[in-house]
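Asks: I'll drop the sequence and a predicted model, then ask my questions.
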Amino acid sequence: MIKSLRNQLVFALCVLVSIVGVVQGVSSYQLSKAGMSALLDLRLEQVAGRMRGGFADSLPAIPARGSQPEGDIVITIWKDDQVTPYRSTEPTLALPREAPAGFATRAVSGEEWRIYTLREPSMAIQVAQRSAVRHELAEERAVKTLWPMIVLVPLVWIAVLLVVRRSLRKLNRLGAQVQGIDVSHFQQLSTSGVPIEIRPFIDSINLMIERLAQSIESERKFISDAAHELRTPLTALQLQADNLQPHIAPGNQERFRELRSGITRSGGLIAQLLRLARADAVLQTDTLERVDVPAVVVNAVAEVLPIAMKRGIDIGADEMASAFVRAVEADVGIAVRNLVSNAIRYTPDDGKVDLSVQIRDGMVWIDVTDTGPGIAEELLPRVFDRFFRANTQIEGSGLGLSIVKAIASKYGGVASLRNRHDGRSGIVASIGFPSGS
C-alpha cells in the first residue's frame, strides 16, 4: 500500500494519463485506418471517373502480362457486346464483371480485392486494388499517428511528477516547521501560499500549538511561582536551624544534622526548579551575546574543583578549541556545571573526569567524560526525563540533565548521553550549540 500522498497522486495521475493516452491512441489508430481506407476508395472512384471521360482508349490493348507491380491498382473496361475485357492493365486478373455498381470486396485468384464498379450505358469500368496493399498502407499511416502519443505520455508523466512535487513543496516546508516545534519554540505555521483545501488543517494545527503553548506556559509559571514561594520559607527555616544549632543537646546532634541535610536538599531542589523554569522560558533574542565557550568551561570547573579535590578526582582537559556561541552566558554555564557535577557525583573517589571543547559540523560540542559505572543501555533513553534518576543510591534531584536538555533545545542545540566504548567504564555526556563564530 502506498503511504505517501505524493506517490498516490503521481500514481493516480499517471494511470489516468496512461488510460487517456491508450484510449486516444486506439481511437486515433482506428480513425486513421478508416480515413486511409476512405481515401483509397476515393482514389478508386476518381480513377474510374477519369476512364469514363475518354481515357479508357489510352490504355494499351494488349499489355504485357504480369508486368504491373502488386501495389498498383488494376483497371478493367468491359464493352457490352464483348465477352473479354475491352481494356485491362492486367489481363491475367479476371475481375467479376457481374459485380454491382459501387464498392465491393471480392476474392479474385485467391486474393481479396477492393473493387469499384462504374456502369455506363455502353461500358462498365472496374478499378480494383489488393486488400492486402490497402491494409498495409492503412497500417503504416495509422502507426505514425501513435508516435506523438508514445512520446507525449512519458513527458506528461514527468510533468505530473514535477507539478505534484512543486505543489507539495509547501507541505514539506510546513512539515519541517512542525518538526522544529518543541517546548521552547511554539511558532505557528504560516498560511501564506497554502492551498485552500489544506488551510483548515493548518488552522487546526495552529490552534493546537496555541493551546499547547498556553498549557506549557501555565505549567512553567506554576513551577516558577511555586519555587519562589517555597524558597523564602526554606531560607527562613535554614536560618532558624543555624540559630538553633548551639542549643541542641549533644545526643540530638545527629538528628539535627539530618534535619539540616534535608533542608539543604530541599533548597537544592528549589534552585533546580527555578533553573528549569528559566531554561524552559521563551528565548529573547535581544539577550543573546557572544559567549566564549572555553572560558565558561573553565569557570564551571573552578566551581566544582574543591569537591573534586576533596574526593581525589582528577579533572582535566583533552582539547579546548577556541569557540564561540550566540547564547546567554548564564545558560551555557548552568548546562556545563550540571554535566560536570553529574560526572563528579557518579565518579568514584580517585577517578577521572575529562572535558573537551570541539567544533564539528558547524556545532560547538562540549564533552564531559567520566570513569563512573556507566548506565544500563535500556535506561539511556530516559536519562533526560524530569525527576528520573538512573541510580537512586546517589543523591540528586533528577532535574540536572533535564535542564541541560531544555537549554540545548532552547538554542537549537543537542544534548546526548552515551556509555564509553573505549574499553573503560563511564559516561560521555555531550551538549552541542550552533557555532556563533
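Replies: All right, it came through fine. Residues are numbered from 1 along each chain as shown.

Asks: now the spatially most central residue of the chain: phi and psi?
Replies: For the chain, N172 is the residue whose C-alpha lies nearest the centre (Cα atoms, centre = their mean; 6.6 Å). The phi/psi pair for N172 (degrees, to the nearest 10) reads phi -60, psi -40.

Asks: repeat that for Q82.
Replies: phi -120, psi 140.

Asks: please enumerate the helices of the stretch 151-300 of the chain.
Replies: According to DSSP state H, counting those that start in this stretch, the stretch 151-300 of the chain carries its helices in the segments 199-244, 253-280, 293-310.

Asks: in this structure, which spans are strands?
Replies: 74-79, 87-88, 102-108, 111-119, 123-130, 289-292, 314-320, 324-327, 352-360, 363-370, 414-419, 427-434 (DSSP state E).

Asks: elements contacting the third one?
Replies: Using 3 or more Cβ pairs under 8 Å, 6 or more residues apart in numbering; DSSP states H and E as the contact criterion, the elements in contact with strand 102-108 are strand 111-119. From N, CA and C alone the C-beta is placed, and that goes for glycine too.

Asks: what's the strand it packs on packed up against?
Replies: Other elements packing on strand 111-119 under the criterion 3+ Cβ pairs under 8 Å, 6+ apart are helix 5-52, strand 102-108, strand 123-130, helix 131-179.

Asks: try it again at 10 Å.
Replies: For strand 111-119, the packing partners by 3 or more Cβ pairs under 10 Å, 6 or more residues apart in numbering; DSSP states H and E come out as helix 5-52, strand 74-79, strand 102-108, strand 123-130, helix 131-179.

Asks: still on that earlier bit, I'd like the distance between the residue nearest to the centre of the chain and V178.
Replies: Taking Cβ to Cβ, to the nearest Å as the measure, N172 falls 11 Å from V178.

Asks: hmm, back to that, adding mean neighbour count, mean pLDDT and distance to V164, write the strands of the chain out as TSV.
Replies: Below are the strands of the chain laid out as TSV (neighbours: other Cβ atoms under 10 Å; pLDDT from 0 to 100; distance: least, Cβ to Cβ, whole Å):
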stretch	mean neighbour count	mean pLDDT	distance to V164
strand 74-79	22	85	58
strand 87-88	22	81	65
strand 102-108	13	89	51
strand 111-119	19	89	50
strand 123-130	22	88	51
strand 289-292	15	88	45
strand 314-320	14	83	49
strand 324-327	21	88	39
strand 352-360	18	90	37
strand 363-370	23	91	35
strand 414-419	17	90	34
strand 427-434	22	90	34
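
Asks: next up, the contacts around R166.
Replies: For R166, no residue counts as a contact, taking Cβ atoms under 10 Å, 6 or more residues apart in numbering as the criterion.

Asks: and the helices and strands packed on strand 111-119 as JSON lines, adding distance to T117?
Replies: As requested, the helices and strands packed on strand 111-119 are arranged in JSON lines below (distance: least, Cβ to Cβ, whole Å):
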{"stretch": "helix 5-52", "distance to T117": "8"}
{"stretch": "strand 74-79", "distance to T117": "10"}
{"stretch": "strand 102-108", "distance to T117": "7"}
{"stretch": "strand 123-130", "distance to T117": "5"}
{"stretch": "helix 131-179", "distance to T117": "16"}
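
Asks: hey, least reliable of those by pLDDT?
Replies: Per-stretch mean pLDDT for those is lowest at helix 131-179 (a mean of 81).

Asks: centre of the chain to it, how far?
Replies: Taking the mean of its C-alpha atoms, helix 131-179 sits 23 Å from the chain's own mean (Cα atoms, centre = their mean, to the nearest Å).

Asks: same question, stretch 105-112
Replies: On Cα atoms, centre = their mean, the centre of stretch 105-112 falls 65 Å from the chain's centre.

Asks: start at 52, not 1
Replies: In the new numbering, first residue 52, that becomes stretch 156-163.

Asks: how long is it from one end to the other?
Replies: For stretch 156-163, the first-to-last residue distance is 7 Å (Cα to Cα, to the nearest Å).

Asks: against A441, how distant is A359?
Replies: 21 Å.

Asks: right, I mislabeled it, should have said S160
Replies: 101 Å.

Asks: who has more neighbours, the two?
Replies: A441 (19 against 9; other Cβ atoms under 10 Å).

Asks: if we can go back for a sec, out of the helices and strands packed on strand 162-170, which gets nearest to E305?
Replies: Nearest to E305, of all the helices and strands packed on strand 162-170, is helix 182-230, at 54.5 Å by Cβ to Cβ.

Asks: what angle separates that closest one from helix 56-103?
Replies: Interaxial angle, helix 182-230 versus helix 56-103 (axes from the mean of the first three to the mean of the last three Cα atoms, to 10 degrees): 160 degrees.
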